[in-house]
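A.B. asks: Have a look at this prediction, sequence included:
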Amino acid sequence: MTNVIFKHLIPKKFDQGFTLIELLVVVIIIGILSAIVLPQTMNFIAKSREVEARSMMGALNRAQQGYFNEKGIFATSAQQLEVPPGNEKYYTFVVNQSNDETGGLQGAIGKDNKGYGTRDYAGAVGYNTVNRSFSTVICRSKDKANQYKITGLTSINTTTGTGTVAGATGGIKAQCDTTLTEVEEIN
């Protein structure tokens, strides 16, 4: 009985909480983990932005084939292709005004490649008159950098699509030049 009385009369001191060292260790570990994860997260975000350009290049290539089947010549403007422009927050989509019956070229020019971590894209459609077949290719600039435009995708006015797309070549066989990486080819 005396033990019960002593338990209630003499309060025990319980240690509660964390020490400063324990809190600092946790904060340092969280900082190291976030420093490792953040660059990877930014790469995933940039790649998801590039998907927009790549899918738009595919849509423009297919629209060029449809336009050619109807008119016998490749379209020289995006309005002729009647493809919805989609979200142009990260890219400006252009169609080469010099397109003719041999090939169609189009591009996705990044609005701020360095800031968004994106790369430019070019698409080409070629028509082989001998075997009456299309070849298409989607090309991507090799690097992400400050104003890293596709070297062959030089436009006088990128908003209206004037100029030439030399980074991707139309004609009998659509192909990328050496400044670009081939992403997708369909023959």
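C.D. replies: On my side now, so go ahead. Residues are numbered from 1 along each chain as shown.

A.B. asks: Okay, helices next: where are they in this protein?
C.D. replies: Counting by DSSP state H, one finds helices in the chain at the ranges 2-9, 20-71, 78-81, 113-116.

A.B. asks: Tell me which of those sits nearest to Tyr127.
C.D. replies: helix 20-71 (6.3 Å; CB to CB). C-beta coordinates here come from the backbone N, C-alpha and C atoms, glycine included.

A.B. asks: now that closest one: mean pLDDT?
C.D. replies: For helix 20-71, mean pLDDT rounds to 89.

A.B. asks: was I right about Asp89 contacting Gly115?
C.D. replies: You called it Asp, but residue 89 is Lys. No: Lys89 lies out of contact with Gly115 (CB atoms under 8 Å); the separation is 11.8 Å.

A.B. asks: what comes up buried for stretch 82-99?
C.D. replies: By 16 or more other CB atoms under 10 Å, the buried positions in stretch 82-99 come out as 83, 90-97, 99.

A.B. asks: Show the end-to-end separation of it, please.
C.D. replies: End-to-end distance of stretch 82-99 (CA to CA, to the nearest Å): 16 Å.

A.B. asks: Please apply the same query to stretch 69-86.
C.D. replies: 24 Å.

A.B. asks: ok, residues contacting it?
C.D. replies: Stretch 69-86 is contacted by residues 52, 56, 59-60, 63-64, 67-68, 93-104, 106, 125, 127, 160-161, 170 when judged by CB atoms under 8 Å, 6 or more residues apart in numbering.

A.B. asks: 7 Å - rerun?
C.D. replies: Contact with stretch 69-86 is made by 52, 56, 59-60, 63-64, 67-68, 93, 95, 97, 99-101, 103-104, 125, 161, as judged by CB atoms under 7 Å, 6 or more residues apart in numbering.

A.B. asks: What are the buried residues along that stretch?
C.D. replies: By 16+ other CB under 10 Å, the buried positions in stretch 69-86 come out as 74-76, 78, 80-81, 83.

A.B. asks: Also stretch 51-65?
C.D. replies: 52-54, 56-65.

A.B. asks: would a markdown table of the residues you listed with distance to Gln40 be doable?
C.D. replies: Formatted as a markdown table, the buried residues of stretch 51-65 follow (distance: CB to CB, whole Å):
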| residue | distance to Gln40 |
| --- | --- |
| Glu52 | 20 |
| Ala53 | 21 |
| Arg54 | 21 |
| Met56 | 26 |
| Met57 | 26 |
| Gly58 | 27 |
| Ala59 | 29 |
| Leu60 | 31 |
| Asn61 | 31 |
| Arg62 | 33 |
| Ala63 | 35 |
| Gln64 | 36 |
| Gln65 | 38 |
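
A.B. asks: okay, Gln80: pLDDT?
C.D. replies: We have a pLDDT of 89 for Gln80.
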